[in-house]
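Q: Provided below for reference: sequence and predicted model.
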Amino acid sequence: MTLRRGDSVPDFEVRTPAGAPVSYSAIWQHRNLLLVVMPALDSESTRAYARDVTDRFREFRSQDVECVITADPVDGISSPAVVVADRWGEVVFAAEPTDVAGLPAPDDVIDWVRYTMSKCPECEGETK
């Protein structure tokens with residue numbers, strides 16, 4: 001299954017690489033989401049990508065965006081994948097390449113986060 005713009009993020013419960021539990025139900029309707037699902041974080045390329053996204057995400061820590069990086073499976077999302085969604089779970093951007101090398105550059109991912117933060121739901125009207 002491939003997520004596309006306009007789809008809804010499936011409900012999930014995962015652990016971060018540090019072992020912290022994350023439940024999407026605690027994020028939904030409260031914060032925008034940047035979700036990075038990686039294969040096991042045991043290769044240098046996967047660790048480097050996760051590190052780069054985390055480093056570039058620092059500017060958003062005090063804003064209404066949650067960054068979740070996990071190696072746990074998420075139903076309906078392949079691995080590797082990057083998903084950016086608004087606070088209501090609507091996918092704004094999704095990339096599900098066949099391998100880590102095909103993931104979008106972290107700067108491009110952050111641009112999608114910025115775009116999501118600037119969206120005006122009232123301006124867009126009812127989309128569903």
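A: Done, it's in. Residues are numbered from 1 along each chain as shown.

Q: partners of the residue nearest the centre of the chain in the sheet?
A: By CA atoms, centre = their mean, the chain has its centre lying nearest to residue 35, at 2.0 Å. Beta bridges link residue 35 to residue 68, residue 83, judged by DSSP bridges.

Q: neighbours around residue 39, how many?
A: When counting by other CB atoms under 10 Å, one arrives at 13 neighbours for residue 39. Glycine gets a C-beta too; all of them are placed from N, C-alpha and C.

Q: actually residue 81, sorry about that
A: When neighbours are counted by other CB under 10 Å, residue 81 comes out with 19.

Q: ok, so what distance separates it from residue 98?
A: 11 Å (CB to CB, to the nearest Å).

Q: and if you look at residue 45?
A: From residue 45 to residue 98 the distance is 14 Å (CB to CB).

Q: Neighbour count: these two, which is higher?
A: Comparing residue 45 with residue 98 by other CB under 10 Å, the one with more neighbours is residue 45, at 15 against 8.

Q: Wait, that one touches residue 80, no?
A: No. With contacts counted by CB atoms under 8 Å, residue 45 stays clear of residue 80, the gap being 9.9 Å.

Q: Common neighbours of those two, please.
A: residue 100 (CB atoms under 8 Å, 6 or more residues apart in numbering).

Q: Which stretches in this protein count as strands?
A: Per DSSP state E, the chain carries strands over the ranges 13-15, 21-23, 32-37, 65-70, 81-85, 91-95.

Q: tell me what the fourth one is packed against?
A: If contacts are counted by 3 or more CB pairs under 8 Å, 6 or more residues apart in numbering; DSSP states H and E, strand 65-70 sits against strand 13-15, strand 32-37, helix 44-57, helix 106-118.

Q: try it again with 10 Å
A: strand 13-15, strand 21-23, helix 24-27, strand 32-37, helix 44-57, strand 81-85, helix 106-118 (3 or more CB pairs under 10 Å, 6 or more residues apart in numbering; DSSP states H and E).

Q: Dump stretch 85-101 to CSV, keeping only the CA atoms.
A: Coordinates of each C-alpha in stretch 85-101 appear next as CSV, following Å, rounded to 0.1, in the frame of the first residue of the first chain:
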residue,chain,number,x,y,z
ALA,A,85,0.9,15.1,7.6
ASP,A,86,-1.1,18.0,9.1
ARG,A,87,-2.6,17.8,12.6
TRP,A,88,-5.7,16.1,11.3
GLY,A,89,-3.7,13.3,9.8
GLU,A,90,-4.0,14.3,6.1
VAL,A,91,-0.9,13.3,4.2
VAL,A,92,0.7,16.3,2.6
PHE,A,93,3.8,14.5,1.4
ALA,A,94,4.8,10.8,1.3
ALA,A,95,7.8,9.1,-0.1
GLU,A,96,8.1,5.3,0.0
PRO,A,97,11.2,4.3,-2.1
THR,A,98,12.5,0.8,-2.4
ASP,A,99,15.7,1.7,-0.3
VAL,A,100,17.1,4.3,1.9
ALA,A,101,19.1,5.9,-1.0
